[in-house]
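> one predicted model, sequence on top.
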Number of protein chains: 2
Amino acid sequence: MSATVMLHTGEHGAGPAVVRPGHASRESQPVLRFAPDESIYAQGDTAGSMYRLVSGVVRCCKFQPDGRRHINAFCKPGDVFGFELAGEHLLSAEAVTACAVVRMRCQGMEKDPAAAIQLYGHAMRSLARAQAHSQLLGRSSAGQRLAAFLLEMLPGTSEDVETLPMARHDIADYLGLTIETISRTMGQLEKEGLLELVTARRIRIRDRQGLAALCGCEEPLDV
Amino acid sequence: MSATVMLHTGEHGAGPAVVRPGHASRESQPVLRFAPDESIYAQGDTAGSMYRLVSGVVRCCKFQPDGRRHINAFCKPGDVFGFELAGEHLLSAEAVTACAVVRMRCQGMEKDPAAAIQLYGHAMRSLARAQAHSQLLGRSSAGQRLAAFLLEMLPGTSEDVETLPMARHDIADYLGLTIETISRTMGQLEKEGLLELVTARRIRIRDRQGLAALCGCEEPLDV
DNA sequence: CGGATTGTTGATTACTTTCAACAATGGTGG
DNA sequence: CCACCATTGTTGAAAGTAATCAACAATCCG
């Protein structure tokens, strides 16, 4: 026996477990807009809201004391980010492309079981992603990482040209590689016929199965 | 967009959300014991419980289709693991040392706000760890990884000899390195005077600050 | 004590980084 | 609309780090 709880996360959601503008303990929030490379919040900032990405791409990243940057995740429309257990953000969130974001204040969450369950869902999805990512980084090989990354970022189903929203530098900091290695590996994948680089950012995936075989592990999580 | 949370009832499922022994709305569960290398659950198993480690050390790991193993986390007494968003375990949990575990069935979570909030806390702690770990793997250098690992695993405060509970193979799969590299790097840290290897597993940390400086980043999370 | 397991060390190879120079791109102003 | 220029991406050569393969040593357990 099992029980299923539907957690509606869309703005138009309805029902008991809905975090949305208008909820008793929350209020409607305007859509915020950010230009590319603009900061949504920075690590160390007081955490008090969660954010739902409406459009665009966001990177959640950590700046190390030694100046290096690690990108933990790229958020796509529909993703929720920025919720924290403690009082301050552990990561920074920055717009990769122009993007639209809804901020939702999380006050009195502990008084609202439905919200707590929904928060749990978001946390678990983020957890699954983070674990998959650390598996990717532990597993090594530039080719495998890039293949997995491309399958994750370019969800298209046919052989159409898709646009990578982020720069090589972002990819490098996400995959734990250098921009030069990204460049070379991308070229190699092209030489192997797995993809075609129309320009650096405009890519046509020629052989999705080949890429999946290359990275030799689970398909990208669709969480 | 909507998300579904499967809240599984154990086969003996009865009563309100049972989360840990002693709590008002929960019931006491027996302590399970596992021998070293014994499996607590395997990836793909139906998920219906969470587990609290009472004593010993557990590894949460993923076996890739190509045979490689990645260890996502080592659990220490007090840690809670095994909760899932979906209906099955994404990772396996195995005893590293002999250990004692309390299994808690997760039923009727939606009726128990306190349990949901507690679950959220566990998920967020796991998330913070997973993110820190992917930062560690992305950041590189065997020496830095091992230094961070030792600070994480050997919490002692003075210069006493401590015992590593896991084998080199486990460390390697956790840090994304090989056992040979672990061995060599350990020897190098000893040569640099940062630690002393009484035996392979019995280690005296000589210079905690030095190790922290080496890994050049955040202190280990105490979550 | 003995034997299997676990850990170490050495030599070589493979891969990624680093440093450097160059090419392409895309946005801006003329 | 085009030319310019800063930004972004590519390519090459050399160096460094970790992986691999192989042999050996130490440890633990019965």
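Right, received. Where do you want to start?
> got the phi/psi numbers for A:Cys61?
Per-residue torsions, A:Cys61: phi -140, psi 160 (degrees, to the nearest 10).
> how about it, nearest residue that isn't a chain neighbour?
The shortest distance from A:Cys61 to any non-neighbouring residue, by Cβ to Cβ, 6 or more residues apart in numbering or on different chains, is to A:Ile71 (4.5 Å). Yep, even glycine has a C-beta here, placed from its N, CA and C like the rest.
> so A:Asp37: helix, strand or coil?
coil (DSSP: H, G, I helix; E, B strand; the rest coil).
> for it, give me phi and psi.
Note on A:Asp37: its backbone torsions stand at phi 70, psi 0 [degrees, to the nearest 10].
> anything in stretch A:147-160 near DNA strand D?
No: shown here: stretch A:147-160 not in contact with DNA strand D (Cβ under 7 Å from any atom of the strand), separated by at least 13.1 Å.
> hang on, the earlier thing: quick check: the residue nearest to A:Cys61 is in a helix.
No: A:Ile71: not assigned to a helix; according to three-state DSSP it is strand.
> I'd like the next helix or strand past the lengthiest helix in chain A.
In chain A, with assignment by DSSP state H, the single longest helix is helix A:113-139. Next helix or strand after helix A:113-139 toward the C-terminus (DSSP states H and E): helix A:142-153.
> what packs against the next helix or strand after that following helix?
Later in the chain than helix A:142-153, the nearest helix or strand by DSSP H and E is strand A:161-163. Judged by 3 or more Cβ pairs under 8 Å, 6 or more residues apart in numbering or on different chains; DSSP states H and E, strand A:161-163 is in contact with strand A:202-205.
> so what's the gap between the strand it packs on and the chain middle?
Between the centre of strand A:202-205 and the centre of its chain there are 20 Å (Cα atoms, centre = their mean, to the nearest Å).
> now stretch A:93-105
The answer for stretch A:93-105 is 12 Å, by Cα atoms, centre = their mean.
> now the terminal residues of that stretch, how far apart.
Start and end residues of stretch A:93-105 are separated by 16 Å (Cα to Cα, to the nearest Å).
> ok, residues contacting it?
Stretch A:93-105 has contacts (Cβ atoms under 8 Å, 6 or more residues apart in numbering or on different chains) with A:11, A:19, A:21, A:26-27, A:29-41, A:48-61, A:74-75, A:81-82, A:165-166, A:170.
> does that stretch come close to DNA strand C?
No: Stretch A:93-105 lies out of reach of DNA strand C by Cβ under 7 Å from any atom of the strand, never closer than 10.7 Å.
> buried residues, that stretch. List them.
A:Ala93, A:Glu94, A:Ala95, A:Val96, A:Cys99, A:Val101, A:Val102, A:Arg103, A:Met104 (16 or more other Cβ atoms under 10 Å in any protein chain shown).
> report the beta-bridge partners for A:Ala100.
A:Arg33, A:Ser55 (DSSP bridges).
> picking that back up, which members of the buried residues of stretch A:93-105 are positioned in strands?
A:Ala93, A:Glu94, A:Ala95, A:Cys99, A:Val101, A:Val102, A:Arg103, A:Met104 (DSSP state E).
> pLDDT added to those residues, as TSV?
Listed next are these as TSV, based on pLDDT from 0 to 100:
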residue	pLDDT
A:Ala93	98
A:Glu94	98
A:Ala95	98
A:Cys99	96
A:Val101	97
A:Val102	97
A:Arg103	95
A:Met104	92
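> quick check: the two most widely separated of these?
Distance extremes for these: the farthest pair is A:Glu94 and A:Met104 at 19.0 Å, using Cβ to Cβ.
> for A:Asp207, which non-adjacent residue is spatially closest?
A:Leu194 (4.8 Å).
> that neighbour - how many residues pack around it?
21 (other Cβ atoms under 10 Å in any protein chain shown).
> right, and it touches A:Leu211 too?
Yes: A:Leu194 sits in contact with A:Leu211 when judged by Cβ atoms under 8 Å, with a separation of 5.6 Å.
> pLDDT weak spots in chain A?
A:1-28, A:108-111, A:217-223 (pLDDT under 70).
> kindly report the residues of it close to DNA strand D.
By Cβ under 7 Å from any atom of the strand, the residues of chain A that approach DNA strand D are A:140, A:167-169, A:179-180, A:182-184, A:186-187, A:197, A:200-201.
> can I get the residues you listed in a markdown table including neighbour count and distance to B:Phe149?
Formatted as a markdown table, the residues of chain A next to DNA strand D follow (neighbours: other Cβ atoms under 10 Å in any protein chain shown; distance: Cβ to Cβ, whole Å):
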| residue | neighbour count | distance to B:Phe149 |
| --- | --- | --- |
| A:Ser140 | 14 | 17 |
| A:Ala167 | 16 | 32 |
| A:Arg168 | 18 | 30 |
| A:His169 | 13 | 28 |
| A:Ile179 | 14 | 28 |
| A:Glu180 | 10 | 29 |
| A:Ile182 | 23 | 27 |
| A:Ser183 | 16 | 32 |
| A:Arg184 | 13 | 30 |
| A:Met186 | 21 | 32 |
| A:Gly187 | 11 | 35 |
| A:Leu197 | 15 | 38 |
| A:Ala200 | 12 | 37 |
| A:Arg201 | 13 | 37 |
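> stretch A:124-142: which residues count as buried?
Those would be A:124-139, A:142, for stretch A:124-142 by 16+ other Cβ under 10 Å.
> care to break chain A down by domain?
A:31-136, A:140-215 (automatic domain parsing).
> winner for burial among the ones you listed?
domain A:31-136 (a mean of 19; mean count of other Cβ atoms under 10 Å in any protein chain shown).
> end to end on that domain, go ahead and measure it.
34 Å.
> just how off-centre is it within its chain?
Chain-centre distance of domain A:31-136: 9 Å, with Cα atoms, centre = their mean.
> stretch A:184-194 now?
Averaging C-alpha positions (Cα atoms, centre = their mean) puts stretch A:184-194 25 Å from its chain's average.
> near DNA strand C at all, it?
Yes: Stretch A:184-194 is in contact with DNA strand C by Cβ under 7 Å from any atom of the strand, via A:Arg184, A:Thr185.
> just the C-alpha atoms of that stretch, please, in CSV.
Coordinates of each C-alpha in stretch A:184-194 appear next as CSV, following Å, rounded to 0.1, in the frame of the first residue of the first chain:
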residue,chain,number,x,y,z
ARG,A,184,39.0,20.1,-27.8
THR,A,185,36.5,17.4,-26.6
MET,A,186,33.7,19.1,-28.4
GLY,A,187,35.7,19.0,-31.6
GLN,A,188,36.5,15.4,-31.1
LEU,A,189,32.8,14.5,-30.6
GLU,A,190,32.2,16.3,-33.9
LYS,A,191,34.9,14.3,-35.6
GLU,A,192,33.4,11.1,-34.4
GLY,A,193,30.1,12.2,-36.0
LEU,A,194,28.1,12.4,-32.8
